[in-house]
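Student: build me a model:
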Amino acid sequence: MESCREALRRLESAGGIRLLRTSSAHETEPVGEGLEGWFINAVVEAETDLDPFSLLQRVQHIEGEMGRFREPGRSDRPIDLDLLLYGDLLLESETLTIPHPRLHTRRFVLEPLAELIPQQVHPGLRKTIKALLESLADTHKVRKMEGFTLVST
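Tutor: Predicted coordinates for the structure are as follows:
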């Protein structure tokens, strides 16, 4: 949990990003081969002056500072920050796809996202986040962590 809080502090302190709200923290079953232990996932709503590519660079820089090294294949990592949505932007490039290409297939993303913005329409699929969650086939377990918050008081 402290890694998530530290990532949020770093995001906001670097400038150009204003955190608006966070979802509850969710403990989630690992998705993918070779991953061990449960993860903590949450979604943050923010405003930014940064363009999507600059925001991605900022996020990846913070991940690196916090000990994440991008290696071929999947592996456990100390922090994983993803850009899920950027307003109603549709973007596909070699380095960045918005909305996140697997957002609509992952319970560990949709549950916290639906907590914050259930009526937000996915710009590519033209369905609300709530509707995507309700029609989701993913059976991985996601548990809301009652009493845990990402923002320290």
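Student: all strands of this protein, in order?
Tutor: Under the criterion DSSP state E, the chain contains strands at 17-22, 26-28, 39-41, 44-48, 91-92, 97-98, 142-144.
Student: where in the chain is pLDDT low?
Tutor: Judged by pLDDT under 70, the chain has its weakly predicted residues at 32-35, 68-78, 148-153.
Student: try it again with 80
Tutor: Judged by pLDDT under 80, the chain has its weakly predicted residues at 1, 31-37, 67-79, 147-153.
Student: any idea which helix is longest in it?
Tutor: helix 52-65 (DSSP state H).
Student: and the angle from it to strand 44-48?
Tutor: Computed by axes from the mean of the first three to the mean of the last three CA atoms, to 10 degrees, the angle separating helix 52-65 from strand 44-48 equals 120 degrees.
Student: only alpha carbons, please: show helix 52-65 as CSV.
Tutor: Output in CSV follows, covering the C-alpha atoms of helix 52-65 (Å, rounded to 0.1, in the frame of the first residue of the first chain):
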residue,chain,number,x,y,z
PRO,A,52,-0.3,11.8,-23.3
PHE,A,53,3.3,11.0,-24.3
SER,A,54,4.8,13.3,-21.7
LEU,A,55,2.5,11.8,-19.1
LEU,A,56,3.6,8.3,-20.1
GLN,A,57,7.3,9.4,-19.8
ARG,A,58,6.5,10.8,-16.3
VAL,A,59,4.8,7.6,-15.2
GLN,A,60,7.6,5.4,-16.5
HIS,A,61,10.2,7.6,-14.9
ILE,A,62,8.5,7.2,-11.5
GLU,A,63,8.2,3.4,-12.0
GLY,A,64,12.0,3.3,-12.7
GLU,A,65,12.7,5.4,-9.6
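Student: list the buried residues for that helix?
Tutor: Across helix 52-65, burial judged by 16 or more other CB atoms under 10 Å covers Pro52, Leu55, Leu56, Arg58, Val59, Ile62, Glu63. Yep, even glycine has a C-beta here, placed from its N, CA and C like the rest.
Student: quick one: contacts for the third one?
Tutor: Right, Leu56. For Leu56, the contacting residues are Leu83, Thr95, Leu96, by CB atoms under 8 Å, 6 or more residues apart in numbering.
Student: show the end-to-end separation of stretch 85-101, please.
Tutor: Between the opening and closing residues of stretch 85-101 we find a distance of 10 Å, counting by CA to CA, to the nearest Å.
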